[in-house]
Structure formats: structure tokens, C-alpha cells
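Student: fold the following for me, if possible:
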Amino acid sequence: MKKIDYRKEGKHLYRPSTKKVGIVDVPTMNFLMIDGAGDPNNSPDFQDAVNALFSLSYTLKFMIKKGEQAVDYGVLPLEGLWWAEDMSQFNVNDKSNWLWTLMIMQPDFITAELVAEAAAQVAKKKDLPALPNIRLERYAEGQAAQIMHIGPFSEEGPTIEKLHAFIIENGYELSGKHHEIYLSDTRRAAPKNWKTVIRQPCK
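Tutor: Next up, the predicted model:
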């Protein structure tokens, strides 16, 4: 059976420095995506979206492992795109007006047909209200600056400021949506040890 470690193959995307901002060229990739709005800390829609994304991703993983492809791969981490209708009002201390897209990267061989089949399997076993809202979509991010944040989400502010300052000081402009990749299992790891890739597209 073929085994693929997408985190290892794309380590430049998932293992940035904790001290220095770096520029990466992010390739176009497949994602399961779901949209929402509001503060993730108190939004039931947010947790529903997380549960549905992981349930569908794990079901797809085991379908592929047991199917004709016979490929074993690890489910990729949760990612989030964050923005506001008026980006001047995008405030890390007040997330009530935030818009978001949660997503989990999928191998290129995952098709809409496979997603529909997996979703039907999940629906038979679990009542997940967000499941019908998940879509499979290609996402092209391109050039971006990124850095690793260690610690709770509530303390990301200085890391984000450092990232934005690097972009401006090096002659780039911010473009696209604030992007985070959540590498830690927040149910098990202490908040002080949480690892989050903070990424900002730039041009």
C-alpha cells in the first residue's frame, strides 16, 4: 500500500520559523470548505463546521485506504481564512464581525463524487447539521508571508503585527485573506504549546 505524508512533502508550508517571517509560494490545492460568520469562541456554527469537516475528511481517508487507490495518508490539519467586509474593522480583539472559511486540504485524487459518497456514509452515522454545507474546491493562494505562532490564539496579536510589518517593510502589499493553520490538537495540548501557522498573502 502506498503511503503519503503530505505534511512532510509540504514541510515548507507547515513548518515555518517561530522567529523569522518567510515568503512561500503556496500551490493551488484541493480543500473541503465551509463558510460562516461570527466569533469562533462562542459560535455553535463554528464547532458544527469543525466536526463536519473532520468527520468527512476521516471518512474519505478510510474510503481511499480500503478502495481501489489503496493509498494511506494522514488527515491534514484544520485551516481557517478570516476577514471582514470592511478590513479596517478586522480586529483580533473583537471577532463579532469576522467572516470565515474553515477548510482541510485533500489529495488531488479526491473528487466531488467521492465527497458525495463519503458524505452519505457520514450522514447515516451522525447528525451533523453543517455537513450539507461542505464543498470541495480548488484554492489558489500564491505568494504569501508566514510565521509560526506558539501559544493560545488570544496571544496571536504581536505575531500578526510582526508578519504585517515584514510585508510592508520589504516592499510588499497585503492581499487576500488572513490565513491560519492549526497544527495542534487543542483538546490535548496545553494552550501555551499550541502551534499555529500564521499566513498572509502578499504581492
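Student: for the rest of this, base every contact and every neighbour count on C-alpha atoms.
Tutor: Will do.
Student: bridged to the spatially most central residue of the chain, which residues?
Tutor: What sits nearest the mean C-alpha location of the chain, by Cα atoms, centre = their mean, is Glu79, with 1.0 Å. On the basis of DSSP bridges, Glu79 is bridged to Met103, Ile181.
Student: and the pLDDT at it?
Tutor: In this model, Glu79 is scored at 98, pLDDT.
Student: equivalent analysis for Glu173, please.
Tutor: Note for Glu173: predicted pLDDT of 94.
Student: does it touch Ala165 like I think?
Tutor: No. Counting by Cα atoms under 8 Å, Glu173 does not reach Ala165; the two are 10.3 Å apart.
Student: and Asn170, how far from Ile34?
Tutor: 33 Å (Cα to Cα, to the nearest Å).
Student: nope, Lys8 is what I was after
Tutor: Lys8 is 26 Å from Ile34, where distance means Cα to Cα.
Student: neighbour-wise, which of the two wins?
Tutor: Ile34 (23 against 11; other Cα atoms under 10 Å).
Student: what are the buried residues along whatever helix or strand Lys61 lives in?
Tutor: Taking DSSP states H and E as the definition, Lys61 sits inside helix 44-66. Neighbour-count burial for helix 44-66, counted by 16 or more other Cα atoms under 10 Å, picks out 45-46, 49-61, 63-65.
Student: same question for stretch 80-99.
Tutor: Buried residues in stretch 80-99, defined by neighbour count with 16+ other Cα under 10 Å: 80-84, 90, 95-99.
Student: state the mean pLDDT of stretch 187-199.
Tutor: 95.
Student: can you give me the buried ones in that stretch?
Tutor: 191, 194-199.
Student: ends of that stretch, how far apart?
Tutor: The first residue of stretch 187-199 is 23 Å away from its last residue (Cα to Cα).
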